Structure formats: structure tokens, C-alpha cells
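1. This is a predicted model, with the sequence first.
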Amino acid sequence: MGNLVYLKNVVTLQLNAEKCVACGSCTIVCPHGVFVKENGTVRIAFRDACMECGACARNCPADAIEVKTGVGCAQAVISSMIGRSREGCCSLQSGCC
């Protein structure tokens, strides 16, 4: 089964390899299996499958993960498809974007 891809190359997810302690917490909490742990290191394997929920960043003990939660919300995707700006989502949801 393939990974769900929301929009290609728009995800805000970043992993700082220098800070990462390879605990694997992100691989456990990510609902879409974006991260993999191999040979004692963690890497982002499926970036476009990220739904920007923030579970990985909230559970990273080394603060090695950054992601702007809320920017991948369905309202923003729909608004952009029909020609509205991303601000439409942000004005409706506190903390979005």
C-alpha cells in the first residue's frame, strides 16, 4: 500500500540531524510513517505524506524536529484550489498558518 501524499513539496517539516539523538519517538508517533530509523539514525523518508499534525515535534526530546502545524489544513488546500488565499483558513482557525 502506498503512502498518502497531500501536496508535493509544500510540507514545512524539517529534521535537524545534528540535534537528533535517534531515539525513534518520531517513528512511533507519526500517523503516516514519515520517519524511518535505520543504522542508528532517523531520517525523513516520506516527507510529502506529512499532514503537519506536529506529533513528531511535540514528542522529540532533543527538539530536533520543526513543523508548522495547521498550515496543511484541509481548508487551506480547498481554498487554494478555488482561488482563495491561504489567509481564509487562518482567519477561521486560531493558530492556523
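-> In hand now; what should we look at? Numbers count the residues shown, from 1 in each chain.
2. Identify the residues contacting Arg47.
-> Contacts here follow C-beta atoms under 8 Å, 6 or more residues apart in numbering; on that basis Arg47 touches 11, 13, 34. C-beta here means a position set from N, CA and C on the backbone, and glycine is covered the same way.
3. same check, this time on Val42
-> 15, 20, 22-24, 26-27, 35-36.
4. Mark which of those residues are buried, thanks.
-> Applying 16 or more other C-beta atoms under 10 Å to these, the neighbour count classes 15, 20, 22, 26-27, 35 as buried.
5. I'd like to know which of the residues you listed are part of helices.
-> Judged by DSSP state H, the subset of the buried ones among the contacts of Val42 located in helices is 26-27.
6. Dump the buried ones among the contacts of Val42 into TSV; add pLDDT as well.
-> Shown next, in TSV, are those (pLDDT from 0 to 100):
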residue	pLDDT
Leu15	98
Cys20	98
Ala22	97
Cys26	97
Thr27	97
Phe35	98
